[in-house]
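**Student:** Take a look and give me a structure for this.
(chains A and B)
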Amino acid sequence: KAGVTQTPRYLIKTRGQQVTLSCSPISGHRSVSWYQQTPGQGLQFLFEYFSETQRNKGNFPGRFSGRQFSNSRSEMNVSTLELGDSALYLCASSLTAGGPYYEQYFGPGTRLTVT
Amino acid sequence: EDQVTQSPEALRLQEGESSSLNCSYTVSGLRGLFWYRQDPGKGPEFLFTLYSAGEEKEKERLKATLTKKESFLHITAPKPEDSATYLCAVDTGANSKLTFGKGITLSVRP
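**Tutor:** Just a heads-up that it's a prediction; the model follows:
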């Protein structure tokens, strides 16, 4: 069974540009969550989508947005990039959204560098 | 606000030297506690989920336990391939939002 895939794996952008990252969940999984990982802040929750609806959002500015398609694939977009947006962006998928028993499986991440 | 604290930040062990990693949490209501392993440059790899105090789970040399305030990841007779960062996370809400600790970097010397 294929795991979570993320594209691209590495990205270099300039301040002020925008970027779109893609995530394909494990087959059959309907929930996709996004996290930002930096050395200083660790893993921080960005948002979560289930059945094309955003169900939860972390404390990030509006420059960070996302969406989910009918096939559960998800994209996140960051506009007007800042140097502080340099991070590893991780996508996680789970069979359901929340509930008493679920497990989140992570992809390899997209390493974004903003110069 | 939910808080997860992991200690120590880094741990160096000799191969075969057993030890425990600590994850303490302050949350309004715990729905699940997760342990992940992360290798450099990779995404976190799921290890365990614990749901209630007193629960224990084992996988090879790893054993995770849970109390009402903390969780321990016990590593028995570690090998160099166990070297990684171990992350603890809690779920306290109705949606799939995990709050992570900063992680513990484990180094096992041969």
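
**Student:** Surely B:G32 is in contact with B:F48?
**Tutor:** No. Counting by C-beta atoms under 8 Å, B:G32 stays clear of B:F48, with 10.1 Å between them. The C-beta positions use only the backbone N, C-alpha and C, and glycine is treated the same way.

**Student:** shaky segments in the chain?
**Tutor:** You didn't say which chain, so I picked chain A. A:1, A:97-102 (pLDDT under 70).

**Student:** not what I meant, chain B
**Tutor:** B:94-96.

**Student:** rerun at 80
**Tutor:** Low-confidence segments of chain B (pLDDT under 80): B:1, B:92-97.

**Student:** For residue 87, list each beta-bridge partner.
**Tutor:** Since no chain was named, I'll use chain A. For A:A87, the beta-bridge assignment (DSSP bridges) gives partners A:L112.

**Student:** Not quite, go with chain B.
**Tutor:** Note on B:L87: beta-bridge partners B:Y36, judged by DSSP bridges.

**Student:** Measure how buried it is and give me the count.
**Tutor:** 25 (other C-beta atoms under 10 Å in any protein chain shown).

**Student:** Can you report how many residues lie near B:S7?
**Tutor:** Neighbour number of B:S7 under other C-beta under 10 Å is 13.

**Student:** Could you do A:S86 as well?
**Tutor:** Residues near A:S86, counting by other C-beta under 10 Å: 16.

**Student:** go on, B:A64?
**Tutor:** Residues near B:A64, counting by other C-beta under 10 Å: 23.

**Student:** So it belongs to a helix, correct?
**Tutor:** No. Read with DSSP: H, G, I helix; E, B strand; the rest coil, B:A64 is strand and lies in no helix.

**Student:** Export only the CA atoms of stretch A:40-59, formatted as PDB.
**Tutor:** Extracted as PDB, the C-alpha positions of stretch A:40-59 are listed here (Å, rounded to 0.1, in the frame of the first residue of the first chain):
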ATOM      1  CA  GLY A  40      12.900  26.500  16.700                       C
ATOM      2  CA  GLN A  41       9.100  25.800  16.800                       C
ATOM      3  CA  GLY A  42       9.000  22.100  16.100                       C
ATOM      4  CA  LEU A  43       5.900  20.700  14.400                       C
ATOM      5  CA  GLN A  44       3.000  23.100  14.300                       C
ATOM      6  CA  PHE A  45      -0.500  22.400  13.000                       C
ATOM      7  CA  LEU A  46      -1.600  24.400   9.900                       C
ATOM      8  CA  PHE A  47      -5.000  23.100   8.900                       C
ATOM      9  CA  GLU A  48      -7.000  19.900   8.300                       C
ATOM     10  CA  TYR A  49      -9.400  18.900   5.600                       C
ATOM     11  CA  PHE A  50     -12.000  16.200   5.500                       C
ATOM     12  CA  SER A  51     -14.300  15.600   2.500                       C
ATOM     13  CA  GLU A  52     -13.100  18.900   0.900                       C
ATOM     14  CA  THR A  53     -14.000  20.900   3.900                       C
ATOM     15  CA  GLN A  54     -11.600  22.700   6.200                       C
ATOM     16  CA  ARG A  55     -12.400  21.400   9.700                       C
ATOM     17  CA  ASN A  56      -9.700  23.000  11.800                       C
ATOM     18  CA  LYS A  57      -7.100  25.700  11.400                       C
ATOM     19  CA  GLY A  58      -3.900  26.500  13.400                       C
ATOM     20  CA  ASN A  59      -2.600  29.900  14.400                       C
END
